[in-house]
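J.: Requesting a structural model of the entry that follows:
(one chain, ligands or ions: 2)
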Amino acid sequence: MSPLPKAELHLHIEGTLEPELAFELAHRNGVDLPYADPDQLRAAYAFSDLQSFLDLYYQLMDVLRTEDDFTALAEAYLARAAREGVRHAEIFFDPQAHTSRGVELDAVVRGLRRALDASMERHGISTKLIMCFLRDLPQESALSTFEACRPYFGTAIAGVGLDSAEVGNPASKFADVYRLAREAGLHLVAHAGEEGGPDYVWEALDVLGVERIDHGIRAIEDPKLVERLVTDRIPLTVCPFSNVRLRCVDTLAEHPLPAMLAAGLQVTLNSDDPAYFGGYVDENFVGVRDALGLSDEQLRLLARNSFDASFLEDDEERRAE
Ligand code: ES4
Ligand code: ZN
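T.: Residues are numbered from 1 along each chain as shown. Ligands and ions are numbered 1, 2, ... in the order given. The predicted structure follows:
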């Protein structure tokens with residue numbers, strides 16, 4: 001079956017780094033990886049929680065050093081995404097994870113943008129770039145990163161997000177930088193309710209004023225929160241393979257996706273960090289269909305939601321669908 005046309009709204013570009021490309025870049029840049037080959041690296045992808053994944057994710061991205069490396073990374077993702085039916089991608093990156101290792105911000109943004117700017121013509125995929133703040137770092141670091149990225153706002157960078165270790169780092173820690181991002185006219189999203197409970201989602205809504213919630217699977221535990229998300233039509237970018245691999249959900253068959261759909265939430269399906277979690281976005285569609293018995297109608301709704309929940313303008317959206 002050919003994949004449904006869809007938008008991908010929750011995708012960390014650093015999480016698309018496949019072991020083969022990691023080894024190629026390590027060799028090119030003279031970086032020593034503590035693994036013999038790509039297969040041995042892949043064998044280390046057995047995670048016990050979000051933090052155990054993040055430790056490897058931050059370690060492996062040390063192979064990304066030059067503008068060309070970032071172009072190669074994004075180009076590989078876009079080529080793969082095109083085969084998955086992706087027509088529009090809103091792509092996260094973690095500026096602090098690179099500048100903290102001495103990689104220039106300009107190399108990261110220009111490298112990514114080079115691939116993104118060629119994407120419509122090459123792959124038929126429109127794109128937007130969203131910078132994420134690492135929530136385990138202090139807000140001061142987010143604020144200086146935000147100011148360093150200001151020259152890119154509106155053109156190269158369309159929005160801000162919040163990722164990394166959730167529990168103990170609530171959204172309210174980032175109230176000031178989100179206020180500035182709103183004043184700068186940027187789109188606002190945040191990871192919430194992945195490992196953290198409903199309170200983390202409430203804060204993302206009430207303190208940060210986000211337009212979308214990334215993950216949000218634990219929102220289903222709080223009926224008042226579900227009511228709020230439904231009433232305000234706040235989209236949730238759900239990533240089923242990620243939730244299973246990071247042990248937020250025991251098995252795909254136990255994923256709360258059907259309950260979320262039944263509650264009337266505007267759910268979308270996404271791959272999060274596909275190189276680490278066992279599949280790209282269409283594998284997530286096929287996975288939930290097989291494990292949860294989703295109907296063709298439900299799968300079409302999920303694909304349609306992805307365009308509705310995107311930051312595409314109405315006229316752009318019709319072209320992508
Ligand atoms: C992430 Cl799955 C996930 N959760 C939070 N932060 C992240 N950064 C990259 N992947
Ligand atoms: Zn994520």
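J.: Would you mind naming what in the stretch 151-300 of the chain lies close to ligand 1?
T.: Those residues of the stretch 151-300 of the chain that sit near ligand 1, judged by C-beta under 6 Å from any ligand atom, are Asp163, Ser164, His191, Glu194, Ser242, Asp272, Asp273. Quick note: C-beta positions are derived from backbone N, CA and C, even for glycine.
J.: which SSE is the third one in?
T.: Following DSSP states H and E, the helix or strand that holds His191 is strand 187-192.
J.: Val109 and Gln298, how far apart?
T.: 37 Å (C-beta to C-beta, to the nearest Å).
J.: Neighbour count for those two, which is higher?
T.: Legend: neighbour count by other C-beta atoms under 10 Å for Val109 and Gln298, higher for Val109 (24 against 17).
J.: any idea of the mean pLDDT for the host helix or strand of that one?
T.: Assessed by DSSP H and E, Val109 sits inside helix 105-117. Per-residue pLDDT over helix 105-117 has a mean of 98.
J.: Pull the number of nearby residues for Arg28.
T.: Neighbours of Arg28 using other C-beta under 10 Å come to 14.
J.: how would you label the residue lying closest to it once chain neighbours are set aside: helix, strand or coil?
T.: In this structure, Arg28 finds its nearest non-sequential neighbour in Asp69, 7.9 Å apart by C-beta to C-beta, 6 or more residues apart in numbering. Following DSSP: H, G, I helix; E, B strand; the rest coil, Asp69 is assigned to helix.
J.: Quick check: Asp69 touching Arg114?
T.: No: using C-beta atoms under 8 Å as the test, Asp69 is too far from Arg114 to be in contact (11.3 Å).
J.: the more surrounded of these two?
T.: Shown here are Asp69 and Arg114; by other C-beta under 10 Å, Asp69 has more neighbours (22 against 17).
J.: For that one, give me the pLDDT.
T.: On pLDDT, Asp69 comes in at 99.
J.: That one and Val108, how far apart?
T.: 9 Å.
J.: now the residue of the chain found nearest ligand 1, nearest residue through space, not along the chain?
T.: Residue nearest to ligand 1 within the chain: Asp163 (3.5 Å; C-beta to the nearest ligand atom). In this structure, Asp163 finds its nearest non-sequential neighbour in Cys132, 4.4 Å apart by C-beta to C-beta, 6+ apart.
J.: That neighbour: what's it in contact with?
T.: If you count contacts by C-beta atoms under 8 Å, 6 or more residues apart in numbering, Cys132 has them with His12, Phe92, Phe93, Asp94, Pro95, Val160, Gly161, Leu162, Asp163, Ser164.
J.: Same list (those) but as CSV, adding secondary structure and neighbour count.
T.: Output for those, formatted as CSV (DSSP: H, G, I helix; E, B strand; the rest coil; neighbours: other C-beta atoms under 10 Å):
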residue, secondary structure, neighbour count
His12, strand, 26
Phe92, strand, 24
Phe93, strand, 24
Asp94, coil, 24
Pro95, helix, 22
Val160, strand, 29
Gly161, strand, 25
Leu162, strand, 26
Asp163, strand, 27
Ser164, coil, 20
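J.: Between the residues you listed, which sits nearest Glu227?
T.: Nearest to Glu227, judged by C-beta to C-beta, of the contacts of Cys132 is Leu162 at 23.6 Å.
J.: How many residues are close by the residue nearest to the closest one when sequence neighbours are not counted?
T.: Excluding the flanking residues, the one nearest Leu162 by C-beta to C-beta, 6+ apart is Ala190, at 4.0 Å. Applying other C-beta under 10 Å, we find 31 residues neighbouring Ala190.
J.: Show me the helices in the stretch 51-200 of the chain, by range?
T.: Counting by DSSP state H, counting those that start in this stretch, one finds helices in the stretch 51-200 of the chain at the ranges 67-83, 95-99, 105-117, 119-123, 139-149, 175-183, 198-203.
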